[in-house]
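In: I'll drop the sequence and a predicted model, then ask my questions.
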Amino acid sequence: MNLTADAIWKDVQAIRQQSPLVHNITNYVAMEFTANALLALGASPVMAHTAEEVREIVGISQALVINIGTLSPAWIQGMREAMAEAARRNVPIVLDPVGVGASRLRTETARELIAAVPPRIIRGNASEIIALDSDAQKTRGVDSSATSSQAYETARALSKRYGCVVSVSGATDLIVQGDQELRVNNGTPLMTRVTAMGCAASALTGAFAACNPSALHAAAHAMAVMGIAGELGAEQGQGPGTLPMHFLDALHLLSAGQLQARLRAGE
Ligand SMILES: Nc1ncnc2c1ncn2[C@@H]1O[C@H](COP(=O)(O)OP(=O)(O)OP(=O)(O)O)[C@@H](O)[C@H]1O
Ligand SMILES: Cc1ncsc1CCO
Ligand SMILES: [Mg+2]
């Protein structure tokens, strides 16, 4: 059940060749960066959140990414309808529970959406994953105050309860499906100094899930590519201002050799 640069590269090539359409219902903060990250990887983004159109958009998409970063009642209805249609069509769903634990609306909405239509992959930071399953966890806004290893038991429990993959980001990314687990040690702390890196990680996870039927590997490959492009981007720039620009360039230029040289994965 290990992670190899060859397998990641195969998925990157498939994404570049197939250019899967990834339907995002995401937040105002992350929309543009998320669309650019998908394009730089070789996928094709579409943002659409209105209940009146989401079923049609799901119908032409190869993945659906639900991100609850800036919720409203109308958007929640769009999310419900999009997820129901994706389940009907077997379109893979990735759900990012942004800020769960920070407000009752976020916590209740994420739990409701997941219980109604279990996503193929839940992708969040450690605080969010813990808060999905425990009212004791209070999230400080959208940033994590926990490590992925602190979310280990919750990730396993959620994975077993909903039959989904749980992908927890952090210094070490932890990707769990039942009793199987993968870890990715790539990335740089500078990625936490820029907003929407996690939202981009969830969107890229959607692109990988469109091209790889193994949700566990799709989720892990996305986190490895995020981490490696983050490292390359940080080396090219001087701080948070230039990181997004260099990160997008690194995604676009990503090569098999860079994956081989940089992948730091474990089980
Ligand atoms: N300390 C760290 N060292 C290396 N990489 C990190 C570190 N923390 C996060 N990352 C990487 O940064 C990316 C975003 O993860 P993070 O946990 O910050 O997401 P998030 O909190 O959901 O982000 P956001 O909500 O701002 O979009 C991931 O690719 C992750 O691997
Ligand atoms: C900062 C922020 N607030 C709501 S969504 C979002 C983007 C990162 O998750
Ligand atoms: Mg996040």
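Out: Perfect, I can see it now. Ligands and ions are numbered 1, 2, ... in the order given.
In: mind listing the strands for the stretch 51-200 of the chain?
Out: 63-67, 93-96, 121-125, 165-169, 173-177, 180-184 (DSSP state E, counting those that start in this stretch).
In: Quick check: residues of the stretch 151-267 of the chain near ligand 3?
Out: residue 198 (C-beta under 5 Å from the ion). Where C-beta positions appear, they are placed from N, C-alpha and C, glycine not excepted.
In: Quick check: the residue of the stretch 151-267 of the chain nearest ligand 1.
Out: residue 198 (2.0 Å; C-beta to the nearest ligand atom).
In: I figured residue 152 hits residue 172, correct?
Out: No: Residue 152 is beyond contact range of residue 172, at 10.4 Å (criterion: C-beta atoms under 8 Å).
In: follow-up on the earlier one: gap between the residue of the stretch 151-267 of the chain closest to ligand 1 and ligand 2?
Out: Computed with C-beta to the nearest ligand atom, to the nearest Å, the distance linking residue 198 and ligand 2 is 6 Å.
In: before we move on, what about residue 25?
Out: 13 Å.
In: How about the contacts made by the residue nearest to that residue when sequence neighbours are not counted?
Out: Spatial nearest neighbour of residue 25, chain neighbours left out: residue 49 (4.6 Å); criterion: C-beta to C-beta, 6 or more residues apart in numbering. By C-beta atoms under 8 Å, 6 or more residues apart in numbering, the contact list for residue 49 reads 25, 75, 78, 79.
In: want to try TSV for the residues you listed, with neighbour count as columns?
Out: Converted to TSV, the contacts of residue 49 look like this (neighbours: other C-beta atoms under 10 Å):
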residue	neighbour count
25	24
75	19
78	22
79	26
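In: How many neighbouring residues does the residue nearest to residue 232 when sequence neighbours are not counted have?
Out: Leaving aside its sequence neighbours, residue 232 sits nearest to residue 250 (C-beta to C-beta, 6+ apart; 3.8 Å). When neighbours are counted by other C-beta atoms under 10 Å, residue 250 registers 22.
In: Could you say which helix or strand holds residue 250?
Out: Secondary structure from DSSP states H and E places residue 250 in helix 243-253.
In: quick one, helices of the stretch 151-267 of the chain?
Out: Taking DSSP state H, counting those that start in this stretch as the criterion, the stretch 151-267 of the chain carries its helices at 152-162, 197-211, 215-236, 243-253, 256-262.
In: what packs against the second one?
Out: In this case it means helix 197-211. helix 5-18, strand 21-25, helix 31-41, strand 63-67, strand 93-96, strand 121-125, strand 165-169, helix 215-236 (3 or more C-beta pairs under 8 Å, 6 or more residues apart in numbering; DSSP states H and E).
In: Now mean pLDDT too, for those, in a markdown table please.
Out: Shown next, in a markdown table, are the helices and strands packed on helix 197-211 (pLDDT from 0 to 100):
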| stretch | mean pLDDT |
| --- | --- |
| helix 5-18 | 98 |
| strand 21-25 | 99 |
| helix 31-41 | 98 |
| strand 63-67 | 99 |
| strand 93-96 | 99 |
| strand 121-125 | 98 |
| strand 165-169 | 98 |
| helix 215-236 | 98 |
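In: Right, I'll call it a day here.
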